[in-house]
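my questions concern the predicted model and sequence given below.
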Amino acid sequence: MASGNVGDVSFGARSSYLRSCALLLLTEGPKHGYELLVQLSERGYGDADPGGLYRALRSMEEEGLVCSSWEYGDFGPARRVYAVTEQGVVELRDSVATMRDMRRRLSRFLRHYRNLADESLATESAARAS
């Protein structure tokens, strides 16, 4: 779980996390898929599987969360550029609320674990000392 990949976020939220990261980056302005992949890594959100990201973008486009257009340059092939829609901004806000709730739950879990671990270590130390 500590490898740092975007897909490593669990609790049934893998694709949700990737989608949220993409929506957040797209709120800064339109981007093509490769640019999103690079920024996910550079910003510390983890390394995304390219196929997973492109599937998520297509799915979000079908749901109306993002829209896309083709960008034609002087060099290289045309690139699909994605932009967030108003519906995507609403989805991002909902996702952030869910993440905040999950953060509170995880904090409680980790405090509980730490307390049990501290008690367990104290008990083990006392047992060794006797």
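Thanks, I have the structure now.

so where's the protein uncertain?
By pLDDT under 70, the low-scoring segments of the chain are 1-14, 121-122, 125-126, 130.

same thing but 80
1-15, 119-130 (pLDDT under 80).

from the centroid of it, which residue is nearest?
Nearest to the geometric centre of the chain sits Y17, at 3.2 Å (CA atoms, centre = their mean).

my guess is that one is in a helix, correct?
Yes: counting by DSSP: H, G, I helix; E, B strand; the rest coil, Y17 is part of a helix.

how far away is it from G52?
Plainly put, Y17 is 11 Å away from G52 if you go by CB to CB, to the nearest Å. In short, each C-beta sits where N, CA and C put it, glycine included.

sheet-wise, list the partners of the helix or strand hosting Y82 with their directions.
When elements are assigned from DSSP states H and E, Y82 belongs to strand 79-84. Applying DSSP bridges to the sheet, strand 79-84 is found paired with strand 31-32 (antiparallel), strand 66-71 (antiparallel).

what's the closest of the ones you listed to R105?
Between R105 and the strands paired with strand 79-84, the tightest spacing by CB to CB is seen for strand 66-71, at 28.7 Å.

what are the buried residues along that closest one?
66-68 (16 or more other CB atoms under 10 Å).

what's the closest of these to S107?
After measuring the buried residues of strand 66-71 against S107 - CB to CB - the closest member comes out as V66, at 31.5 Å.
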